[in-house]
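K.L.:
my questions concern the predicted model and sequence given below.
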Amino acid sequence: MDKTTRLGSIQLEKATVNFDDRFTLSEIDWTIEQNQHWVITGTNGSGKSALAAVLAGVGDIENGTISNLPTKVGLVSFEAQAELIAKELKKDDADIMDVIAIGTPVEEMIFDHCQDPELAKTLVDKFGLTPLLDRAFRKLSTGETRKVMLIRALSSKPDLLILDEPFDGLDVDTLAMLQAHLASIIDTTPMVLVLNRFDEMPDFITHIAYVDHGRLALTVDKNDENAFNELYQLLHLKTTDLSVPEADPANTLPALDPSQPLVKLNQATIKYGETVIVDKLDWTIEKGQHWQLSGPNGSGKTGVLSLITGDHPQCYVNDIFVFGFQRGNGESIWQIKQFIGYVSTALQWEYRVSTSCRNVIISGFYDSIGMYTKSSDKQKKIADQWLTLLGMNDRADQPFNKLSYGDQRLLLIARAMVKHPPLLILDEPCLGLDDMNRQLVLALIEKICQGSETTVLYVNHHTEDRINGIENYLGLKKN
Amino acid sequence: MANYFNTLPLREQLEQLGKCRFMDSSEFADGVDALKGKKMVVIGCGAQGLNQGLNLRDSGLDVSYALRPEAIAQKRQSWKNATENGFVVGTYEDLIPTADVVLNLTPDKQHTPVVKAVMPLMKQGACLSYSHGFNIVEEGMQIREDLTVIMVAPKCPGSEVRAEYVRGFGVPTLIAVHEDNDPKGEGLALAKAYAVGTGGHKAGVLMSSFIAEVKSDLMGEQTILCGMLQTGSILCFDKMVEEGIDAGYASKLIQFGWETITEALKYGGVTNMLDRLSNPAKIKAFDLSEELKVIMRPLYNKHQDDIIDGTFSRVMMEDWANDDKNLLGWRAETAETNFEKTPAGDVEISEQEFFDNGILMVAMVKAGVELAFETMTAAGIIAESAYYESLHETPLIANTIARKKLYEMNATISDTAEYGCYLYNHACLPLLGDFMKDIKTDVIGKGLSVEDNGVDNARLIEVNEALRSHPVEAIGSVLRGHMADMKKIV
């Protein structure tokens, strides 16, 4: 089939598009020719995901025209992923009396309504999902659900493929495989990628769109070197002096015995039925000893972390010593959590309450999702300092769940750091952040590593996100 | 076994029915101390059993699960639930004799055989706990004199009990002590510690009685919660189709409409639900609901009377003994209704449209909530109890209809609730026959066709005043105040 008959050029003329009154894209002039492959970039909250979503037909056109939108779009984004997961979780929310919802199996999620089962089958294999096919979709890790989304989109024979941050959260091998697959379909499938990281831009990209404050500020042909470099500069963090807001002096923790480690896992094992996820892991974290934890998707990184935080039910059948407690001797999880600051993608999925941005930061003092107690004036003041640092002080009273994914992430990082916890666990903290904010967060982590009070446990796939001050590495392998 | 409530003198009946007090958070200062170091054994590992157990363990308590030998041998779902979560699992004989507290979290219908099986195994002076009092109150189960009997009933599905705890919060919980079985006077301390262990004390705890819990729970579930939503679904669907509205649209409007409009109810009571309508539509919904209340009041009274004097449970247990003939017959009939058989159409309905085109549904929810509340409080049940058993639970049931319509609702609610729903539906369908004859698509399916949204000032003030001053709104705003940062049903 000839491409020109399948898809003419997509045209936006002075288009103003509204998204449920929470965001507006204004006066967008943009043409996508049929043989072009675009990257959309911009800071968190600028509207780059929104612009991609417009191509999928999302949003209400208030002014201007949009013509020739493709009929069949393959869309992968955090928002779509969150929606799919929320839909699955909702099945669980609803059991009124005494039924435990099992959830939809991965196989059904992929192969029901699939346009190209052959391709889907190949991709399932390449992504390493074959052993997970009969697992419930909602039991998958974040990286694994992302892979399911990608397979669904790639095998749907789309007229236009829109991938919003497709590479985030993928391990090195999977990332290379996906990039190679995308490169192999450029002649048949036009693509629009939303990317925060310039260094992840595939070679086949022909054009870049830069979005700022809901406007399409710049479009650049990649062959135009000068324009390209300027854009790169624009996206880089200006060097500023960072100072971390102080902790709340009223928030005192029980003293820890300095002669004991913070955490000691002895032969830690996680298994479901016969499937072993983590096998006999020994790990000791001493105070002041910062760690980086890495490993491919499904190697049990999050599982190990949740043994430490007390969120994994199998922490009760393991030999675990944390913050002076040998687990399973009558301590409560809140006694454990008071020593920990924590951020992860799973936390962000779970943080769906209608509360203000300021309260999200303050909830870090209470280890809660949402606020159920009255906060002190001091805590409010500290939260406002964090908001200033993140450049979000004008949003203190706005509802958290209306923010973009990246802005939410920044707030959750502040929430984890706000009490200067003895152990700060950052499970892929930069997922979904743009270059500028990623630099900001990494700088903050370095700052915290330099202080003496907080020990940092950092999980990341990206080797270039090394942090000065972290000198201990633990690599997990897939079983 | 005789109906326990009917053996009590009137004075005692009234006192028990009226027992309900919203507890102050200072009453939970001792935390879980009363249960520290004690051995808690849960019977049943369904949604309530598993999730309560997870919370109690995370609060530092010693929890294990007693299952029937066949559940263990065949590695059934309950066995998997418990073992995959790292709990000790054993037979009744293994675990019950060592238990300080036995938590009976099996379905109502199994209570009699389960309690008869475990009672001889329980050690002297131990505690038996329930999450619903039907077995004690309606079936008159006699518990050994040395045992303490308490109830701790989270007013939400099991998954919610867990999710709220993990967020650092809890769900509203009702506790009670069976006064005939409190030999050491420790029942209240144990029940309070248990409520803290599940996180309930953070969302509000009602101190009630076994009797008040049973009589109000039965009333709520069979009238407004399941009965009204089932009856309303069938009537509204058939009317729309009769008036020529596309069946797929009608099906979708109802299937997802209950959930959408009761979400507004959950956040701001009946007032907020009606405030979502335009002024003329609000007045229309108000008038319809007043009419419905007059027609349906005798039915609500009959349900409450039959629950109070034990007629309801006697008739239901006769059906249990008859292999659920009535219930199963009706369940099959429900599956055959046109609403059930018509899939939701592939049409977009915005959140506001569910209100605008579902004025009659709003009126039905309002009438049902207010009638259930009024009837319960008139029978001596305290407002707090009546609120939780009517308004508070309506969105939870509406959510099950949104999933897979009436069959799903009836499959997931308890057998007791389903039997009550059957009785209500049977009586209410013919009762509303004449009323439905005058109903047109302006109140169900299409929305009002008015030139403008003008209304008479005096009438609007009257309607607003009546909405806001209803007693369910007064108690509702107090109790909702304890549920800050409520989670959105996504």
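P.N.:
Nice, thanks for sending it over. Numbering: from 1, shown residues only, chains lettered A, B, ... in the order given.
K.L.:
which parts of the worst-scoring helix or strand of chain B on mean pLDDT are buried?
P.N.:
Scoring the helices and strands of chain B by mean pLDDT, DSSP states H and E places helix B:394-412 at the bottom, with a mean of 85. By neighbour count on 16 or more other CB atoms under 10 Å in any protein chain shown, the buried set for helix B:394-412 is B:394-403, B:405-406, B:408-410, B:412. Any C-beta I mention is one placed from the backbone N, CA and C, and that applies to glycine too.
K.L.:
which among the residues you listed are in contact with chain A?
P.N.:
Filtering those for proximity to chain A by CB under 8 Å from any CB of the partner chain leaves B:396-397, B:399-400, B:402-403, B:409, B:412.
K.L.:
all strands of the stretch 1-150 of chain A, in order?
P.N.:
Per DSSP state E, counting those that start in this stretch, the stretch 1-150 of chain A carries strands over the ranges A:10-19, A:23-32, A:38-42, A:60-67, A:73-76.
K.L.:
in a markdown table, list the ones you listed along with distance to B:Leu265.
P.N.:
Shown next, in a markdown table, are these (distance: least, CB to CB, whole Å):
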| stretch | distance to B:Leu265 |
| --- | --- |
| strand A:10-19 | 27 |
| strand A:23-32 | 29 |
| strand A:38-42 | 40 |
| strand A:60-67 | 28 |
| strand A:73-76 | 34 |
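K.L.:
please identify the most buried of those.
P.N.:
strand A:38-42 (a mean of 25; mean count of other CB atoms under 10 Å in any protein chain shown).
K.L.:
name every strand pairing with that strand and say which way it goes.
P.N.:
For strand A:38-42, sheet partners with direction are given as strand A:191-194 (parallel), strand A:207-212 (parallel), following DSSP bridges.
K.L.:
looks to me like A:Leu281 is in a strand.
P.N.:
Yes - judged by DSSP: H, G, I helix; E, B strand; the rest coil, A:Leu281 forms part of a strand.
K.L.:
find me the pLDDT at it, would you?
P.N.:
Looking at A:Leu281, its pLDDT stands at 95.
K.L.:
re the thing from before, among the strands paired with strand A:38-42, which gets the worst mean confidence?
P.N.:
Of all the strands paired with strand A:38-42, the minimum mean pLDDT falls on strand A:207-212 (a mean of 89).
K.L.:
CA atoms of it as CSV?
P.N.:
The C-alpha trace of strand A:207-212 is given here as CSV (Å, rounded to 0.1, in the frame of the first residue of the first chain):
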residue,chain,number,x,y,z
HIS,A,207,12.2,16.8,13.3
ILE,A,208,11.9,18.2,16.9
ALA,A,209,9.0,20.1,18.4
TYR,A,210,9.7,22.2,21.5
VAL,A,211,6.7,23.0,23.7
ASP,A,212,6.6,25.7,26.3
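K.L.:
tell me where chain B has strands.
P.N.:
With strands called from DSSP state E, chain B shows them at B:20-22, B:39-43, B:62-66, B:88-90, B:101-104, B:127-130, B:148-154, B:173-177, B:205-208.
K.L.:
redo those strands as JSON lines? Include mean pLDDT and distance to B:Trp330.
P.N.:
Below are the strands of chain B laid out as JSON lines (pLDDT from 0 to 100; distance: least, CB to CB, whole Å):
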{"stretch": "strand B:20-22", "mean pLDDT": "88", "distance to B:Trp330": "33"}
{"stretch": "strand B:39-43", "mean pLDDT": "98", "distance to B:Trp330": "30"}
{"stretch": "strand B:62-66", "mean pLDDT": "97", "distance to B:Trp330": "34"}
{"stretch": "strand B:88-90", "mean pLDDT": "96", "distance to B:Trp330": "37"}
{"stretch": "strand B:101-104", "mean pLDDT": "98", "distance to B:Trp330": "28"}
{"stretch": "strand B:127-130", "mean pLDDT": "97", "distance to B:Trp330": "28"}
{"stretch": "strand B:148-154", "mean pLDDT": "96", "distance to B:Trp330": "27"}
{"stretch": "strand B:173-177", "mean pLDDT": "96", "distance to B:Trp330": "29"}
{"stretch": "strand B:205-208", "mean pLDDT": "93", "distance to B:Trp330": "31"}
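K.L.:
closest one to A:Ala176 among these?
P.N.:
Closest approach to A:Ala176 among the strands of chain B (CB to CB): strand B:88-90, 44.8 Å.
K.L.:
that closest one near chain A at all?
P.N.:
No - contact of strand B:88-90 with chain A (CB under 8 Å from any CB) is absent, the minimum separation being 9.2 Å.
K.L.:
now B:Asn410. Nearest residue, chain neighbours left out?
P.N.:
Leaving aside its sequence neighbours, B:Asn410 sits nearest to B:Glu418 (CB to CB, 6 or more residues apart in numbering or on different chains; 5.0 Å).
K.L.:
run through the neighbouring helices and strands of the host helix or strand of A:Ala217.
P.N.:
Under the criterion of DSSP states H and E, A:Ala217 resides in strand A:215-221. Applying 3 or more CB pairs under 8 Å, 6 or more residues apart in numbering or on different chains; DSSP states H and E, one finds that strand A:215-221 makes contact with strand A:23-32, strand A:207-212, helix A:225-235.
K.L.:
okay, and for the chain, where does confidence drop off?
P.N.:
Picking chain A for this. Residue ranges of chain A with pLDDT under 70: A:1-7, A:91-101, A:229-230, A:232-242, A:435-436, A:439, A:462-466.
K.L.:
try again with chain B
P.N.:
B:483-490.
K.L.:
tell me the domain boundaries of it?
P.N.:
Chain B breaks down by automatic domain parsing into domains covering B:20-208, B:212-480.
K.L.:
the longest one: end-to-end distance?
P.N.:
When the termini of domain B:212-480 are compared using CA to CA, to the nearest Å, they are 21 Å apart.
K.L.:
give me the distance between that domain and the centre of its chain.
P.N.:
14 Å (CA atoms, centre = their mean, to the nearest Å).
K.L.:
quick check: phi and psi on the nearest residue to A:Ala247 once chain neighbours are set aside?
P.N.:
Excluding its sequence neighbours, the residue lying closest to A:Ala247 (CB to CB, 6+ apart) is A:His420, at 3.9 Å. Backbone torsions of A:His420, given as degrees, to the nearest 10, read phi 50, psi 60.
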